[in-house]
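> coordinates for the following, if possible.
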Amino acid sequence: MKTKHWKALAALGLCAVMTSSVYVALPAIEPMQTMAAEGEEVKVSDLVIKFLAVPEYEPNRYTKSNGGKWAPEELEKGLLIKAEMKLGEGNPEGMMAPLKYSFMDITADVDADQATGDITITYNGLTLKMKAGSTTATLNNGKTEKTLTMQSELAPYFKAVENEQDDKGNQYYACYLPVKFTAEALGANVMWNDAMHRMEMAFAFYYSDAAVEPVTNSKSNYTTKKMESDSNNYNTLKDRITVSDKVTAEQVTANVKDMISAAVMVCDPTYQNEDGGWGKTNKDWDLLNETFPQFCPHAYSTIDNGATHGHVKFLTRVIRLSKEYPDLFAGYAKELDTIEKGFWKGMKYVLDAQTESGGWTQYWPYGVGYFGNITFNDNAMPDMMEVVYAMSYDKGLTSSTFCDDFAWARTDAKNQTENVKAVGLTQEKFQTSWDKSLRFTLDAQVVVDGVKTGWAQQYDEDLDKPVPTGGRAFELPSVCTAESSTVLRVLCNIENPTDEIKTAIESYYNWTKEIGFTGYKLYNITDRTRELGKDRLVLQDGTQTKMYGRFYGLDITGEYYGLDISKKLTSSKFYEIFSGRDGIANYTQNLGMHERRSGYSYTNTNTESNAKKLYDAWAAALNQ
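Numbers count the residues shown, from 1 in each chain. A predicted model of the protein is given here:
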């Protein structure tokens, strides 16, 4: 199949999966002299196909590849700023929005200097130059240059984001560009999706180093995602290097080599940042592939989605095994020294990243918006607490797994070995870190109408006392049952708990018995009128199975959110709240927020049972 016009690409790509036999015509401006001439047909397999979208009413951007589904993220990472419609609502010609992060997904670089007003976008052999306040732009393809003109209302501009700094410590500015004008200048086909209220753009560009990611291999034992998900626990690693009916001696030798290679790669400076932390990938990039360092992109250090604490857990287990089975690791002294140095560098990050108040922000040292909030979400702070607990104590009350993994590290910290001294760590510093984190956690338990409930997903980092704050647009300040369960797990594992710790545990468990609602069930519905082809609704059907919300209000009246709770699902005074990407609170997920309710878990049936399981194990351990 061939197409005669470049604009056919978008219609084809937005509606169907593009196959390698498809041909497309190049855009009117030739990207590079060495590439195909204007109008010349090329195989789609020679191109990267990406689709971008900017919605009118959400602080988000969307990206997808080929015929995949749209993946949302903030327009400006960590910030909740929206597009601005300069020519009125629903008029795509007037959409202005920050495009820096959207364009990164098509390997375009947006260099915007607020001080001079200069804006330069380089992409696929093209250079587009604009200036804040000017309605003219120049487009250069390496051979010729064109002058382009935009409407007077669409001149680019910079907006200061209050109380935010960039990674150099200067005032943070968002650069707003005319979306349709900019995308079309770079050769994209653009269409307005009226039903979804968003601009959709289709781009096709040649492969380059910037366009190529590391090799993905979900079958590999050692991938970036498996580091983040902490998939390689001690027993899993030990089984790989133990001869059995499933593992031969030859396989043990090969497995030791792979384990060492993966651990060395985890410490490679292209992956581990200079500050000692790691960025998140959420992808199964193969750490055993030799090209990984070449294509590994830089990412700011974070504790989100298992990053950093997952990496140090893997490294400590490799070192533990090397000490337990020295004969198997003979000949790897140099590599093990590299791994150990990377481990201690990571552990220094763990302490450096902790705030004075005792929490950990989602990103450190650089994080704007909610990235700079103290974060319990996705096990971030609870997992960091487990690391510093394991560096401070020999045993846990209900589980000593992590304490055993870090036993060698506690010994080295006490003995002040060379690698420990090199990064300035001491056993006392880890103990102080644990004490601070515990103090913050106990203070952070949310009190509603005089009742100690659970914990929020995020807290304001700048305040003396922990105060719940919001995360993404659909994560309003609230009590979160999922995150509270992970906090409970940490508290229940503390040896010799104080009365204050016991009260925190008991009060949360008792609160889970008070919340929830019956008579409803979550239904997944096929709905071809929806973009995702499905819907997910909480419908009344008389079932007696108790359901719980992910989020609960910070008051008992709804006033905090400006919400009428007269139709709330629960008979308890503690009410569930729901919100979509518009950030508007509701008493049910059935109103609006279709994309979120179809792809996010707002309800569950196990809040109380999870708490009871942890509580019962804790109570039994206390009585032993």
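
> quick one, domains of this structure?
8-206, 224-384, 445-624 (automatic domain parsing).

> end to end, how far does the second one reach?
For domain 224-384, the first and last residues are 18 Å from each other (C-alpha to C-alpha, to the nearest Å).

> how far off centre is that domain?
On the basis of C-alpha atoms, centre = their mean, to the nearest Å, domain 224-384 is displaced by 17 Å from the centre of the chain it belongs to.

> kindly report the same for the last one.
Mean-position distance between domain 445-624 and its chain equals 20 Å (C-alpha atoms, centre = their mean).

> mind starting the numbering at 168 from now?
Sure thing, new numbering starts at 168, so read that last one as domain 612-791.

> end to end, how far does that domain reach?
End residues of domain 612-791 are separated by 28 Å (C-alpha to C-alpha).

> same check on stretch 494-504?
16 Å.

> go through that stretch and flag the buried ones.
Across stretch 494-504, burial judged by 16 or more other C-beta atoms under 10 Å covers Leu495, Phe496, Tyr499, Glu502, Leu503. Any C-beta I mention is one placed from the backbone N, CA and C, and that applies to glycine too.

> can you check stretch 757-770 too?
For stretch 757-770, by 16+ other C-beta under 10 Å, it's Gly759, Met760, His761, Glu762, Arg763, Arg764, Ser765, Tyr767, Tyr769, Thr770.

> can you give the contact residues for that stretch?
239, 641, 649, 689, 697-699, 701-706, 714-718, 743, 745-749, 751, 753, 756 (C-beta atoms under 8 Å, 6 or more residues apart in numbering).

> surely Trp622 meets Asn544?
No. Trp622 lies out of contact with Asn544 (C-beta atoms under 8 Å); the separation is 10.2 Å.

> alpha carbons only: can I get stretch 477-487 in PDB?
Extracted as PDB, the C-alpha positions of stretch 477-487 are listed here (Å, rounded to 0.1, in the frame of the first residue of the first chain):
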ATOM      1  CA  GLY A 477      15.300  -1.300  44.300                       C
ATOM      2  CA  HIS A 478      18.800  -0.900  42.900                       C
ATOM      3  CA  VAL A 479      20.600  -0.900  46.300                       C
ATOM      4  CA  LYS A 480      18.600  -3.900  47.400                       C
ATOM      5  CA  PHE A 481      19.800  -5.800  44.300                       C
ATOM      6  CA  LEU A 482      23.400  -4.700  44.800                       C
ATOM      7  CA  THR A 483      23.500  -5.700  48.500                       C
ATOM      8  CA  ARG A 484      22.200  -9.200  47.700                       C
ATOM      9  CA  VAL A 485      24.900  -9.700  45.000                       C
ATOM     10  CA  ILE A 486      27.600  -8.700  47.500                       C
ATOM     11  CA  ARG A 487      26.000 -10.900  50.200                       C
END
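
> can you list contacts of that stretch?
Applying C-beta under 8 Å, 6+ apart, the contact partners of stretch 477-487 are 394-397, 399-401, 404, 426-427, 430, 433-434, 439, 445, 503, 506-507, 509-510, 513-514, 517, 550, 554, 569, 571-576.

> phi first, then psi, for Trp359.
With angles defined as degrees, to the nearest 10, Trp359 sits at phi -100, psi 120.

> what of the one 4 residues further on?
Taking degrees, to the nearest 10, you get phi -100, psi 0 for the backbone angles of Met363.

> burial count for the closest residue to it other than its chain neighbours?
Of all residues not flanking Met363 in the chain, Glu698 sits nearest, at 6.5 Å (C-beta to C-beta, 6 or more residues apart in numbering). The number of residues packed near Glu698 is 15, by other C-beta atoms under 10 Å.

> coming back round to it: rebuild the buried residues of stretch 757-770 as JSON lines, extending it with distance to Lys253 and pLDDT.
Shown next, in JSON lines, are the buried residues of stretch 757-770 (distance: C-beta to C-beta, whole Å; pLDDT from 0 to 100):
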{"residue": "Gly759", "distance to Lys253": "26", "pLDDT": "82"}
{"residue": "Met760", "distance to Lys253": "27", "pLDDT": "85"}
{"residue": "His761", "distance to Lys253": "27", "pLDDT": "83"}
{"residue": "Glu762", "distance to Lys253": "26", "pLDDT": "85"}
{"residue": "Arg763", "distance to Lys253": "28", "pLDDT": "88"}
{"residue": "Arg764", "distance to Lys253": "31", "pLDDT": "89"}
{"residue": "Ser765", "distance to Lys253": "32", "pLDDT": "86"}
{"residue": "Tyr767", "distance to Lys253": "32", "pLDDT": "89"}
{"residue": "Tyr769", "distance to Lys253": "35", "pLDDT": "95"}
{"residue": "Thr770", "distance to Lys253": "40", "pLDDT": "96"}
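
> for Asn777, state which of the residues you listed is nearest.
Thr770 (14.0 Å; C-beta to C-beta).

> what's around the closest residue to the closest one other than its chain neighbours, how many residues?
Closest residue in space to Thr770, ignoring its immediate chain neighbours: Met714 at 5.2 Å, by C-beta to C-beta, 6+ apart. Applying other C-beta under 10 Å, we find 21 residues neighbouring Met714.

> next one: Gly700
So Gly700, with other C-beta under 10 Å, has 11 neighbours.

> what's the span of stretch 277-296 from first residue to last?
10 Å.

> tell me the mean pLDDT for that stretch?
The pLDDT scores in stretch 277-296 average 96.

> show me what counts as buried in it.
Under the neighbour-count criterion of 16+ other C-beta under 10 Å, stretch 277-296 has 277, 279, 281, 284, 286, 288-293, 295-296 buried.

> show me the two of the residues you listed that sit farthest apart.
Gln281 and Gly292 (26.8 Å).

> re earlier: where does the residue nearest to Met363 land in three-state SS?
coil (DSSP: H, G, I helix; E, B strand; the rest coil).

> so which of the contacts of stretch 477-487 are in helices?
Of the contacts of stretch 477-487, the ones assigned to helices by DSSP state H are 394-395, 401, 404, 426-427, 430, 433, 503, 506-507, 509-510, 513-514, 517, 550, 554, 569, 571-572, 574-576.

> any of the contacts of stretch 477-487 buried? List them.
In the contacts of stretch 477-487, the ones that pass as buried (16+ other C-beta under 10 Å) are 394-395, 397, 399, 401, 404, 426-427, 430, 433-434, 439, 445, 503, 506-507, 509-510, 513-514, 517, 550, 554, 569, 571-576.

> on that earlier part again, so what sits against both of Trp622 and Asn544?
Joint contacts of Trp622 and Asn544 (C-beta under 8 Å, 6+ apart) are Cys647, Glu650.

> neighbour-wise, which of the two wins?
Shown here are Trp622 and Asn544; by other C-beta under 10 Å, Trp622 has more neighbours (26 against 22).

> can you pull the contacts of Ala416?
Per C-beta under 8 Å, 6+ apart, neighbours of Ala416: Val410.

> would you map the strands across the stretch 168-317 of the chain?
190-192, 208-210, 214-222, 227-232, 238-241, 251-252, 262-265, 276-279, 285-290, 293-298, 303-307, 312-316 (DSSP state E, counting those that start in this stretch).

> in TSV, list these along with distance to Ala580.
Converted to TSV, those look like this (distance: least, C-beta to C-beta, whole Å):
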stretch	distance to Ala580
strand 190-192	59
strand 208-210	57
strand 214-222	47
strand 227-232	43
strand 238-241	38
strand 251-252	53
strand 262-265	44
strand 276-279	43
strand 285-290	47
strand 293-298	52
strand 303-307	57
strand 312-316	61
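
> quick one, which of these is nearest to Gly536?
Among the strands of the stretch 168-317 of the chain, if distance is taken as C-beta to C-beta, the winner is strand 238-241, at 7.6 Å.

> report the buried residues of the closest one.
Per 16+ other C-beta under 10 Å, strand 238-241 contains these buried residues: Pro239, Glu241.

> residues contacting that strand, please?
Counting by C-beta under 8 Å, 6+ apart, 225-231, 247, 268, 536, 639, 748, 762 sit against strand 238-241.

> what's the answer for stretch 663-677, then?
For stretch 663-677, using C-beta under 8 Å, 6+ apart, the contacting residues are 564, 605, 608-609, 612, 618-621, 651, 654-655, 658-659, 661, 778-779, 782, 785, 789.
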